[in-house]
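A.B. asks: Next input, structure requested:
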Amino acid sequence: MSFWNLSDTSEKLNTTGSFESGGGDIEPIPAKTQVKAAPDEAKWDEYQGEEYISVRWNVLAPAEYKGRKIFQKVKVLDTDGKKADKAKKMLAAIAVNAGGGLLKVQGKPSDQDLQKHLLNKPMALLLQVWEIEDQQTGDKKRGNWISAVSPLKKQEPSKQPEPEPIAESDDDDIGF
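C.D. replies: Just a heads-up that it's a prediction; the model follows:
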């Protein structure tokens, strides 16, 4: 059997150069939805001379969104210092929720550092919806962005029993 033979032998391979897989636009996950997700890709990327960390998130729960992908640009090198600081805070929060290892890396983390310390570490994401208008077609495009990350379960301060009062002693009772 040739590599190019289709499994459905009644259908022939189209060699016209056109193919449409069907489907269509996927509506974004509604704004203010919290999901459980884990990064399945983290790397340095660049677009039009701007370098940033690209994180692809795999939604794990709730079931209705399981398997969806959310793409995040973390612009830690933004030329606007306030934007870069905000991005570093986001990256630090992701790193802490992933175990904190990335925060121990000296200097700019490499792709290998990002992958080693961030991938497959589940956490909670709060999603919002962005919308832009295509200047050429006038069509509106929508997608999700991550407004917050947090641990899967908020850690309640552990309630420790009140220490028992220490009985006051009179130094005269000590035999030395």
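A.B. asks: three-state assignment of Glu51?
C.D. replies: strand (DSSP: H, G, I helix; E, B strand; the rest coil).
A.B. asks: May I have the residues that are in contact with the closest residue to it other than its chain neighbours?
C.D. replies: Once flanking residues are discounted, Glu51 sits nearest to Leu77: 5.3 Å by Cβ to Cβ, 6 or more residues apart in numbering. Quick note: C-beta positions are derived from backbone N, CA and C, even for glycine. Contact analysis of Leu77 by Cβ atoms under 8 Å, 6 or more residues apart in numbering lists 50-52, 84.
A.B. asks: Generate a ChimeraX selection restricted to the buried entries among those.
C.D. replies: This is how ChimeraX selects the buried members of the contacts of Leu77, with burial counted by 16 or more other Cβ atoms under 10 Å:
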select :52
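A.B. asks: hey, where'd the strands end up in this protein?
C.D. replies: Applying DSSP state E to the chain gives strands spanning 33-47, 50-61, 69-74, 123-133, 140-150.
A.B. asks: what's the closest of these to Glu11?
C.D. replies: Glu11 lies closest, by Cβ to Cβ, to one member of the strands of the chain: strand 69-74, at 29.7 Å.
A.B. asks: Can you tell me the strand partners of the closest one and which way each runs?
C.D. replies: If you go by DSSP bridges, strand 69-74 pairs up with strand 50-61 (antiparallel).
A.B. asks: who's in contact with the strand it pairs with?
C.D. replies: 29, 35-46, 65-78, 87, 91, 94, 114, 118, 122, 125, 146.
A.B. asks: Now the longest helix along the chain: buried residues?
C.D. replies: Criterion DSSP state H: the longest helix present in the chain is helix 81-97. Neighbour counts over helix 81-97 (16+ other Cβ under 10 Å) mark 87, 90-91, 94-97 as buried.
A.B. asks: out of the strands of the chain, nearest to Thr9?
C.D. replies: strand 69-74 (34.0 Å).
A.B. asks: Just the angle for that closest one relative to strand 123-133, thanks.
C.D. replies: Angle of strand 69-74 versus strand 123-133, following axes from the mean of the first three to the mean of the last three Cα atoms, to 10 degrees, is 90 degrees.
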